[in-house]
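Student: Got a predicted structure plus its sequence, pasted below:
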Amino acid sequence: MLLAGDIGGTKTNLAVYSPEEGLRKPLAQATFPSAMFTSLEALVRTFLAQTHLTVDRASFGVAGPVIAGRATITNLPWVMDEKELAETLKLSSVRLLNDLDAVAHAIELLQPAEILTLSAGQPVARGNIAVIAPGTGLGEAFLTWDGAKYRTHTSEGGHSDFAPTNELEIELLRYLLQRFDHVSYERVCSGKGIPNIYAYLRDSGHADESALLKGQLATAEDLTPIIVNAALNGSSELCVETLNTFVAILGSEAGNMALKVMATGGIYLGGGIPPRILSFLGHERFMHAFRDKGRFVKLLNDMPVHVILNPAVALLGAASHGLE
């Protein structure tokens with residue numbers, strides 16, 4: 001029996017699998033707010049007590065770098081160690097992998113209904129594949145063919161320097177440099193980054209902030225859902241412009257990554273945000289920013305671009321990794 005988990009800064013998904021039932025039929029599954037627990041061990045104990053199932057091993061995808069079997073959550077004060085988790089939870093083994101590594105493990109398992117294609121391109125068989133996932137933070141990973149199968153590779157590229165591509169983004173960078181020591185792509189291309197774009201556009205006078213929206217944001221713990229919802233229903237020009245800017249930045253960084261890893265096999269957009277904003281991703285703005293790379297427009301035009309619709313893709317990948 002395998003315990004698999006997708007451990008995020010906002011929420012944690014856990015599930016129990018058996019080799020007999022396979023990856024598509026977990027015996028039990030639940031989602032928990034991560035911040036309500038002091039550690040992963042405490043969360044796991046709560047889940048297992050609810051399921052009344054006994055597990056032998058575990059595989060966890062975690063939202064942070066994993067080095068020598070040890071990991072920290074980038075947006076959560078948890079420290080995890082494979083050996084310590086195995087001892088504390090009385091399991092034969094625990095495997096930790098970066099959450100985007102977990103998503104990458106699931107790419108080949110995705111079914112047609114779990115993918116929305118933004119650009120079909122001209123994929124190269126067994127070509128490299130890139131994954132970029134804006135959620136609470138910004139995760140990135142890629143896959144390469146080793147002659148027999150795809151191998152996954154982790155990245156912390158979401159924390160690389162934000163590179164503006166037009167005057168508005170240049171001014172956005174200047175604005176954020178007054179507030180942060182380092183402005184990464186995650187600062188502008190994630191759930192945490194959307195309020196930063198909104199604040200810049202509001203303070204620079206690109207659009208007016210309504211009194212109603214101002215009041216809602218003043219009392220909210222998480223500003224991003226309010227901004228995104230107001231953009232989707234068209235009730236706020238400021239929010240629409242915020243999401244337009246976000247989409248352009250996401251397209252540009254997806255194109256950057258596609259070039260860096262030569263993703264001729266395709267680019268997959270994961271994370272919690274893309275499935276929520278499909279109407280904005282479907283606009284030419286995203287694909288234009290993706291392809292706008294000078295002499296390499298043709299190369300990027302041939303690279304397929306897909307959105308992952310399965311919200312449990314990281315959990316699926318972690319389970320796949322654990323059952324290998």
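Tutor: Done, it's in. Note that the coordinates shown come from a computational prediction; the quantities given were computed from them, not determined experimentally.

Student: Which parts of the stretch 101-250 of the chain are strands?
Tutor: Ranges of strands in the stretch 101-250 of the chain, per DSSP state E, counting those that start in this stretch, are 115-119, 129-134, 138-145, 150-155.

Student: Could you tell me how far the third one lies from the centre of the chain?
Tutor: What separates the centre of strand 138-145 from the centre of its chain is 11 Å, taken as Cα atoms, centre = their mean, to the nearest Å.

Student: ok so, going back, can you tell me which of the strands of the stretch 101-250 of the chain is most buried?
Tutor: For the strands of the stretch 101-250 of the chain, the largest average neighbour count (mean count of other Cβ atoms under 10 Å) is found in strand 129-134, namely a mean of 29. (Glycine included, C-beta is placed from N, CA and C.)

Student: check contacts around Leu250.
Tutor: Leu250 makes contacts with Ile132, Pro134, Cys189, Leu269, Pro274, Phe286, Ala289, as judged by Cβ atoms under 8 Å, 6 or more residues apart in numbering.

Student: picking that back up, out of the strands of the stretch 101-250 of the chain, flag the one nearest Leu89.
Tutor: strand 150-155 (24.0 Å; Cβ to Cβ).

Student: Check whether Ser204 really touches Glu167, as I assumed.
Tutor: No. Counting by Cβ atoms under 8 Å, Ser204 sits too far from Glu167 to count as a contact (11.4 Å).

Student: Using JSON lines, lay out the strands of the stretch 101-250 of the chain together with mean pLDDT and distance to Ala86.
Tutor: Output for the strands of the stretch 101-250 of the chain, formatted as JSON lines (pLDDT from 0 to 100; distance: least, Cβ to Cβ, whole Å):
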{"stretch": "strand 115-119", "mean pLDDT": "98", "distance to Ala86": "35"}
{"stretch": "strand 129-134", "mean pLDDT": "97", "distance to Ala86": "28"}
{"stretch": "strand 138-145", "mean pLDDT": "96", "distance to Ala86": "25"}
{"stretch": "strand 150-155", "mean pLDDT": "94", "distance to Ala86": "21"}
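
Student: want to throw those into a markdown table with distance to Glu209?
Tutor: Output for the strands of the stretch 101-250 of the chain, formatted as a markdown table (distance: least, Cβ to Cβ, whole Å):
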| stretch | distance to Glu209 |
| --- | --- |
| strand 115-119 | 31 |
| strand 129-134 | 23 |
| strand 138-145 | 25 |
| strand 150-155 | 36 |
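
Student: how about the ones you listed, which one is nearest Thr38?
Tutor: Comparing the strands of the stretch 101-250 of the chain by their distance to Thr38 (Cβ to Cβ), the top pick is strand 138-145, with 24.2 Å.

Student: strands paired with the closest one, and their directions?
Tutor: If you go by DSSP bridges, strand 138-145 pairs up with strand 129-134 (antiparallel), strand 150-155 (antiparallel).

Student: the bottom helix or strand of the chain by mean pLDDT?
Tutor: Within the chain, confidence by mean pLDDT, DSSP states H and E is lowest for strand 70-72 among all helices and strands, at a mean of 90.

Student: how far out from the middle of the chain is that strand?
Tutor: That offset, for strand 70-72, works out to 18 Å (Cα atoms, centre = their mean).

Student: Show me what that strand is packed against.
Tutor: Strand 70-72 sits against strand 79-81, strand 93-98, with contacts defined as 3 or more Cβ pairs under 8 Å, 6 or more residues apart in numbering; DSSP states H and E.

Student: Nearest to Ser236, out of the strands paired with strand 138-145?
Tutor: Closest among the strands paired with strand 138-145, once you apply Cβ to Cβ, is strand 129-134, at 20.4 Å.

Student: and His206, how many neighbours?
Tutor: 15 (other Cβ atoms under 10 Å).

Student: thought it was touching Leu238?
Tutor: Yes. Here His206 reaches Leu238: they are 7.2 Å apart, a contact under Cβ under 8 Å.

Student: Check which strands are paired with the helix or strand that contains Leu14 and give the direction for each one.
Tutor: In the assignment (DSSP states H and E), Leu14 maps to strand 11-17. Within its sheet, and counting by DSSP bridges, strand 11-17 is paired with strand 2-7 (antiparallel), strand 28-33 (antiparallel).
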